[in-house]
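**Student:** A structural model of the following input is requested.
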Amino acid sequence: MVKNWAGGFWSLLAFSMQMALVLVTGHTLASTPIVKKALEALAKPCKTPLQAIVAVTFISTIACWINWGFGLVVGALYAKQLAKVVKGVDYRLLIASAYSGFLVWHAGISGSIPLQLATGGDALVKATKGALVDPISTSQTIFSYWNLIIVAVILFTLPFVNRAMHPSPKDVVTIDPKLLEDEVIVGEAIKHGDTFADKMENSMILSMLIGAMGLAYIIYYFATAGFELNLNIVNFIFLFLGILLHKTPRKFLDAVSAAAKGTSGIILQFPFYAGIMGMMTGVSVATGNSLAGVISQAFVSISNETTFPLFSFLSAGIVNFFVPSGGGQWAVQGPIMMPAGLELGVSSAKTAMAIAWGDAWTNMIQPFWALPALGIANLGARDIMGFCLIDLLYAGVIIALGLLIF
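**Tutor:** The predicted structure follows:
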């Protein structure tokens, strides 16, 4: 196990950089005047703490269903803006509510498992150990009636679950609005030096040229790939919009410097998560099985056609504690659960989506994905964990009933 831990320790370096950029580019974009005004406009209708909790949950859930990386950043930034303008709102619950929208990401249009099913090819055959040869359309997974019903129930009820958790005024934990202000004041007068480098740093022309190149590629990407959002294109959009909207390289670099201070949790903790993944997915020489595989097979052994989707969901939720990557979880569970579901007569689409829901479900008490939002909010995991646990219990009942009934 020590060998597996060390072997996996650096396996998420590229992904760690992507997550750091989610935080930095999102934070940098939010510090531009136009985005600040947009967030202020969205926050303005909320007058009471309870309205703020409902609004941030609803907005973040929709955003996470569209794209998980986009949703994590937008939810946290919207929560910060609400904290500035709504007096008496509990800041911990506000951030927890913003994060709770992440419950639906794997059932949305950026869900890695349903998108891999729709892609097909040799990778799908290998990932399902031959259980699937032909791709499965998203009409049977993401846009199936039963998946949309589960998403809709969570979307329209979770805001009120979070609202009900708001503490009484004497127990509310607020935050000084001054602490929420960005260290970089966009538009602040910047001294112009006489050197060529100084002039370049304060040149709008340079930012416009670089930003135009990025914008040209973004247009090309959507023209050729369709509306297919992934982490790289979201970061690319945020990065180049930030360059354009900050207007000069100097202002943009100052905004990046301020945003990068929140990445310490990601830089330190993600290698340890990667090590845990190595321990869970490492194959034993003696048995040819992994620890995550043993957990999955234990649930398969007690399942029948009716209960298999439910047990797939529960097993995925347990494995997600130790393998918090959707792609990693599919690599571990796909070869076990998909053939078993086929043998029991369960729809392959439903088996795959049960795994996807389980992966998203226990993210509520798995700090791995909360770190970017917590970095933006300047909070620790323990500040939101109690609220997220209630969301986990509530959503678990809704998802389990959905998988059983439909």
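**Student:** what's the spacing between the helix ranked longest in the chain and its chain's center?
**Tutor:** With secondary structure taken from DSSP state H, the chain has its longest helix at helix 381-405. Distance, stretch centre to chain centre, for helix 381-405: 16 Å (Cα atoms, centre = their mean, to the nearest Å).
**Student:** Quick check on V323: phi, psi?
**Tutor:** Taking degrees, to the nearest 10, you get phi -130, psi 80 for the backbone angles of V323.
**Student:** Surely it touches V332?
**Tutor:** Yes - under the criterion of Cβ atoms under 8 Å, V323 makes contact with V332 at 5.9 Å. Every C-beta, even on glycine, is put in place using the N, C-alpha and C of the backbone.
**Student:** Which one's more surrounded, the two?
**Tutor:** Between V323 and V332, V323 has the larger neighbour count (other Cβ atoms under 10 Å), namely 29 against 25.
**Student:** so what's that one up against?
**Tutor:** The contact partners of V323, by Cβ atoms under 8 Å, 6 or more residues apart in numbering, come to 276-277, 280-281, 292, 329, 332.
**Student:** Among those residues, which lie within strands?
**Tutor:** Using DSSP state E, no member of the contacts of V323 falls in strands.
**Student:** Out of those, give me the one that has the most neighbours.
**Tutor:** Most crowded among those, counting by other Cβ under 10 Å, is Q329 at 27 neighbours.
**Student:** Surely it and A316 touch.
**Tutor:** Yes - using Cβ under 8 Å, Q329 is in contact with A316, at 6.5 Å.
**Student:** For those two, list the residues in contact with both.
**Tutor:** 355, 359.
**Student:** For the strand or helix carrying I243, which helices and strands make contact with it?
**Tutor:** Per DSSP states H and E: I243 is located in helix 231-246. Using 3 or more Cβ pairs under 8 Å, 6 or more residues apart in numbering; DSSP states H and E, the elements in contact with helix 231-246 are helix 13-30, helix 33-43, helix 68-85, helix 204-225, helix 249-260.
**Student:** For I53, which of these is the nearest?
**Tutor:** The closest of the helices and strands packed on helix 231-246 to I53 is helix 68-85. By Cβ to Cβ, the value is 8.7 Å.
**Student:** so what does whichever helix or strand comes after the closest one touch, helix or strand wise?
**Tutor:** Going down the chain from helix 68-85, the next helix or strand is helix 91-100, by DSSP H and E. On a contact count with 3+ Cβ pairs under 8 Å, 6+ apart, helix 91-100 meets helix 49-66, helix 68-85, helix 145-164, helix 367-377, helix 381-405.
**Student:** CA atoms only: put stretch 345-360 into PDB for me.
**Tutor:** Backbone C-alpha positions of stretch 345-360 (Å, rounded to 0.1, in the frame of the first residue of the first chain) are rendered in PDB as follows:
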ATOM      1  CA  GLY A 345     -30.700  -7.200 -17.100                       C
ATOM      2  CA  VAL A 346     -30.200  -3.600 -16.000                       C
ATOM      3  CA  SER A 347     -30.000  -0.900 -18.600                       C
ATOM      4  CA  SER A 348     -26.300   0.100 -19.200                       C
ATOM      5  CA  ALA A 349     -27.300   3.800 -19.300                       C
ATOM      6  CA  LYS A 350     -28.900   3.500 -15.900                       C
ATOM      7  CA  THR A 351     -25.900   1.600 -14.400                       C
ATOM      8  CA  ALA A 352     -23.500   4.200 -15.700                       C
ATOM      9  CA  MET A 353     -25.600   7.100 -14.400                       C
ATOM     10  CA  ALA A 354     -26.000   5.400 -11.000                       C
ATOM     11  CA  ILE A 355     -22.100   5.400 -10.800                       C
ATOM     12  CA  ALA A 356     -22.100   9.100 -11.900                       C
ATOM     13  CA  TRP A 357     -24.700  10.100  -9.300                       C
ATOM     14  CA  GLY A 358     -22.700   8.300  -6.600                       C
ATOM     15  CA  ASP A 359     -19.500  10.100  -7.600                       C
ATOM     16  CA  ALA A 360     -21.200  13.500  -7.400                       C
END
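**Student:** Nearest residue to the middle of this protein?
**Tutor:** W68 (4.0 Å; Cα atoms, centre = their mean).
**Student:** thought that residue was touching F102?
**Tutor:** Yes - look at W68 against F102 with Cβ under 8 Å: they come within range, at 6.7 Å.
**Student:** on that earlier part again, what is in contact with V323 and V332 at once?
**Tutor:** Common neighbours of V323 and V332 (Cβ under 8 Å, 6+ apart) are 280-281, 292.
**Student:** rewinding a little: list the single closest residue to the residue nearest to the centre of the chain in space, sequence neighbours excluded.
**Tutor:** W105 (3.8 Å; Cβ to Cβ, 6 or more residues apart in numbering).
**Student:** wait, doesn't G242 sit right on K251?
**Tutor:** No - contact criterion Cβ under 8 Å: G242 and K251 do not qualify, at 9.8 Å.
**Student:** mind listing what's buried in stretch 292-304?
**Tutor:** 292-293, 295-296, 299-300, 303 (16 or more other Cβ atoms under 10 Å).
**Student:** for the residues you listed, which one is nearest S60?
**Tutor:** When the buried residues of stretch 292-304 are compared against S60 (criterion: Cβ to Cβ), the nearest one is A292, at 29.2 Å.
**Student:** just to revisit the earlier point, nearest to Y220, out of the helices and strands packed on helix 91-100?
**Tutor:** Among the helices and strands packed on helix 91-100, helix 68-85 sits nearest to Y220 (Cβ to Cβ), with 19.7 Å.
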